[in-house]
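1. generate coordinates for the sequence data below:
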Amino acid sequence: MQSFETEIENPIVQKDIIELAQKIELFHNGKIDEEKFRSLRLARGVYGQRQEGVQMIRIKVPYGKLKSNQLRRIAAVSDEYSRGRLHITTRQDIQIHYVDLNRTPELWAELEKDEVTVREACGNVVRNVTASETAGIDVNEPFDVSPYADALYKFFLRNPICQEMGRKFKVSFSSTDEDTGLSYLHDIGYIAKIQNGVRGFKVLVAGGLGSQPRHADVLYDFIETDKIIPIMEGVLRVFDRYGERKSRAKARMKFLLKDIGLEAFKDLIAEEQKAIEFKSVAIDADAYVASKPVSVEAPTAEIKDQEAFELWKSTNLIPQKQEGYVAIGVKVLLGDFYTDKARLLANLVDKYAAGEVRLTLRQNIVIPFVKENLVPFFYQELEKLGFVEAGYNKAVDITACPGTDTCNLGIASSTGIAVELERMLKAEYPQYLKNQDLVIKISGCMNACGQHNMANIGFQGMTVRTPDKLVAPALQVLLGGGNQGNGNATFADKVVKVPSRRGPEALRRILNDFEANANGKPFVEYYQEKGERYFYDFLNDLQDATNLTQEDFIDWGEEEKYVKEIGIGECAGVVIDLIATLFFESEEKIDNAKEAFENEVYSGAIYYAYQSLVNSAKALLLAENKKTNTHAGIISQFDEIFVETGQIELGTSFSELIYQINKNAPTKEFALNYIASSDKFLAAVRAFRAAQQEA
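-> Predicted coordinates:
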């Protein structure tokens, strides 16, 4: 196994990478169950892809901000370990594909040389913290949210309270009431506010997309900035304890809130307050190191096509609040670009801007701090990279997930249809090049990685069956979604399902009707006025599967006949725990608790001990074939089956023992006693299990 000790200065990161390498070796030797190993690697950004034997690596880019040296590092890693292609996601991450599992530890070590991480980019953890791509430069923002997003990201990275939740947890920050961070569809969304001269945030909780989109609730209309981390810790503790763990379809926080209601949810958060060490976490925004623009003379630029240049300026320049500067929006088709362009872009922003780029929620790139007199030069240089396509964040800028290209869950090609729809829009509807109202998004399946159900016009990959049972790729057409700002939004309605090859005709009919009948209204207003039935009626004939041609059985971007192939989805990090490994995990967690205690991180030590207690109880319940859907359910069932029947003697109920966690402050004394309790409990359940097996 390769040694990483000499390569990484940060001992915490070094330990993480060595552990991944060790677990890979144990997995190959058959000492770790495949499902358990999946959970571990996902939390380290290693995600199985559609093609057998290779991995997708998701690289975490907090709030989308990449320094030029980090972009170069990612490019070098992609060249060495992948295929030289970078994919920007709708959560401001970068993905690279076709990576050998055995090389992932050294890949991670290479990334960390420029402080780039893959930790918690996948799995049942707090995912990448996203933010408005114009944070810090937005002309309408009350303040820069970047320092707050950065502080929150760092606080919860590797935090024991959010390492093994029932599902993933997504967080966003919006700079303004335009809500460009899309707070309404996140587990927690923060919208920047100033009240009586004090900085703070409106807080929304339990939003989500997927097959059952849910609009987030307002948790607080306003909290001061020092409360954003404690509030999120309370939410995470409640989600970890009461959230569903077995049924993946019900495991997101939106289902928990839907089941118990907002007031009960707030009560549970209140119950956790004693356990939260920091009731206030002040964030020093002034200490945040923001990138500074360089001061250079404008080189001479030769613009060969003045008309194209003027069109590009009208669609791709973003005003900045800093006088004399603009940002440039770079439209990246499907979020895919190559490492040769990445390096040249890094060099360009290093020498002539602020040495950074921003990745956007619509899979594009923003270059901030470009001097106004340098715009012609940037256009000239970006043109050499093929990065001057007009229409940044406009109707022709379609968002799409990877779909059947690489994703296990992909049902139909989202990238193929996206390319075709963009081609059609440019050719037949050039007026939409400047239309900022129309938002088109495509997902390859119901999980909505392409965010199709919040678009004005959305497409979701599906299948359709002919009367003689043949299967063809199809698209669900959704209409009427839209962001109304300040945490308010409308989700799109499912209107019709059409064979994929008819997707362009469906869009053509919708746009033609919009042109003829909207009378200047925005698309959402026009849709609401007409109603779902109106659109169903003029699209209904496209659903007919009795008259499919041979071409209808070949998906966009493909050459062979369509075959429906869905693998095991790993977005949720589904884990089937085996009894044999649970006790071992409990022991590991106690070791982690003792290490945290030695480092005087008492809150972390207590939470590791709590996880050990739950794990140990879960092992015995699984041996009895009992449901272990939630932590709260495990705790109550353990009392009912083992304690109340006298099979295991604890001197108290298991509930009383374990729920000390939210009735005591995280002091040194309590941490020591709680760890000792978890150690003693593990010994008791192990002895009980051994006696069972001998009987």
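2. stretch 669-680: how far from the chain's middle?
-> Here stretch 669-680 is found 35 Å from its chain centre; the criterion is C-alpha atoms, centre = their mean, to the nearest Å.
3. list the buried residues for it?
-> Of the residues in stretch 669-680, those scored as buried under the neighbour-count criterion (16 or more other C-beta atoms under 10 Å) are 670, 671, 672, 674, 675, 677, 678, 679. No exception for glycine: its C-beta is placed from N, CA and C like everyone else's.
4. mean confidence for that stretch?
-> The predicted model assigns stretch 669-680 a mean pLDDT of 97.
5. now the buried residues of stretch 669-680 in CSV, with distance to residue 237?
-> Shown next, in CSV, are those (distance: C-beta to C-beta, whole Å):
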residue, distance to residue 237
670, 16
671, 16
672, 21
674, 15
675, 18
677, 19
678, 17
679, 22
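6. ok, so of the residues you listed, who is nearest residue 497?
-> Within these, the smallest distance to residue 497 is 51.7 Å, found for residue 678 (C-beta to C-beta).
7. how much space separates residue 426 from residue 87?
-> Taking C-beta to C-beta, to the nearest Å as the measure, residue 426 and residue 87 are separated by 22 Å.
8. what's the answer for residue 41, then?
-> Spatial separation of residue 41 from residue 87 under the definition C-beta to C-beta is 19 Å.
9. now swap in residue 53 and tell me
-> Residue 53 is 19 Å from residue 87, where distance means C-beta to C-beta.
10. look at the two and report which has more neighbours.
-> When neighbours are counted by other C-beta atoms under 10 Å, residue 87 comes out ahead of the other of residue 53 and residue 87, with 23 against 9.
11. and the pLDDT at residue 578?
-> Looking at residue 578 specifically, the model assigns a pLDDT of 57.
12. equivalent analysis for the one 5 residues further on, please.
-> As predicted, residue 583 sits at a pLDDT of 85.
13. swap in residue 8?
-> You'll see residue 8 listed with a pLDDT of 65.
14. please apply the same query to residue 397.
-> The per-residue pLDDT reported for residue 397 equals 87.
15. ok, it - how many residues close by?
-> Neighbouring residues of residue 397 were enumerated by other C-beta under 10 Å; the total is 26.
16. what does the one 10 residues further on give?
-> Here the number of neighbours of residue 407 (other C-beta under 10 Å) works out to 27.
17. check residue 223 too.
-> 18.
18. that one: what secondary structure?
-> State at residue 223, reduced to three classes by DSSP: H, G, I helix; E, B strand; the rest coil: strand.
19. low-confidence stretches in this protein?
-> In the prediction, the chain carries residues with pLDDT under 70 at positions 1-8, 35, 403-406, 408-410, 559, 562-580, 695.
20. longest helix of it?
-> Selection of the longest helix in the chain by residue count, based on DSSP state H, yields helix 668-694.
21. figure out how far that helix is from the centre of its chain.
-> Remark: helix 668-694 is offset 36 Å from the chain centroid, using C-alpha atoms, centre = their mean.
22. now swap in stretch 657-675 and tell me
-> Centre-to-centre, stretch 657-675 and its host chain are 33 Å apart (C-alpha atoms, centre = their mean).
23. need the contact partners of that stretch.
-> Contacts made with stretch 657-675 from outside it, assessed by C-beta atoms under 8 Å, 6 or more residues apart in numbering, are listed as 237, 271-272, 274-277, 590, 593-594, 597, 600, 602-603, 605-607, 609-610, 613-614, 635, 650, 677, 681.
24. separate out the buried members of those residues.
-> Among these, those scoring as buried are 237, 271-272, 275-276, 590, 593-594, 597, 602-603, 605-607, 609-610, 613-614, 635, 650, 677, 681 (criterion: 16+ other C-beta under 10 Å).
25. now stretch 113-130: buried residues?
-> Going by neighbour count (16+ other C-beta under 10 Å), the buried part of stretch 113-130 is 114, 116-130.
26. for burial, what's the neighbour tally of residue 647?
-> Other residues lying near residue 647 total 12 when counted by other C-beta under 10 Å.
27. so this structure: which segments form each domain?
-> Structural domains of the chain, as assigned by automatic domain parsing, span the residue ranges 1-123, 145-284, 311-384, 399-553, 579-694.
28. can you add distance to residue 137 and give those domains back as a markdown table?
-> Output for the domains of the chain, formatted as a markdown table (distance: least, C-beta to C-beta, whole Å):
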| stretch | distance to residue 137 |
| --- | --- |
| domain 1-123 | 11 |
| domain 145-284 | 9 |
| domain 311-384 | 4 |
| domain 399-553 | 18 |
| domain 579-694 | 36 |
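29. picking that back up, closest to residue 430 out of the buried residues of stretch 113-130?
-> Comparing every one of the buried residues of stretch 113-130 with residue 430 (C-beta to C-beta), the shortest separation belongs to residue 130, at 32.0 Å.
30. now that closest one, what's its secondary structure?
-> In the three-state summary, residue 130 is assigned as strand, counting by three-state DSSP.
31. was I right about it contacting residue 91?
-> Yes - contact between residue 130 and residue 91 holds when scored by C-beta atoms under 8 Å: they sit 5.5 Å apart.
32. measure stretch 161-181 end to end?
-> 25 Å (C-alpha to C-alpha, to the nearest Å).
33. what residues are up against the closest residue to residue 679 other than its chain neighbours?
-> Once flanking residues are discounted, residue 679 sits nearest to residue 590: 5.6 Å by C-beta to C-beta, 6 or more residues apart in numbering. With contacts defined as C-beta under 8 Å, 6+ apart, the neighbours of residue 590 are 608, 609, 612, 675, 678, 679, 682.
34. now residue 535
-> Taking C-beta under 8 Å, 6+ apart as the criterion, residue 535 is in contact with 479, 495, 496, 510, 527.
35. what do residue 130 and residue 91 both touch?
-> Taking C-beta under 8 Å, 6+ apart as the contact criterion, the common neighbours of residue 130 and residue 91 are 170, 361.
36. would you map the helices across the stretch 51-200 of the chain?
-> Read by DSSP state H, counting those that start in this stretch, the stretch 51-200 of the chain holds these helices, from start to end of the chain: 68-81, 104-112, 146-156.
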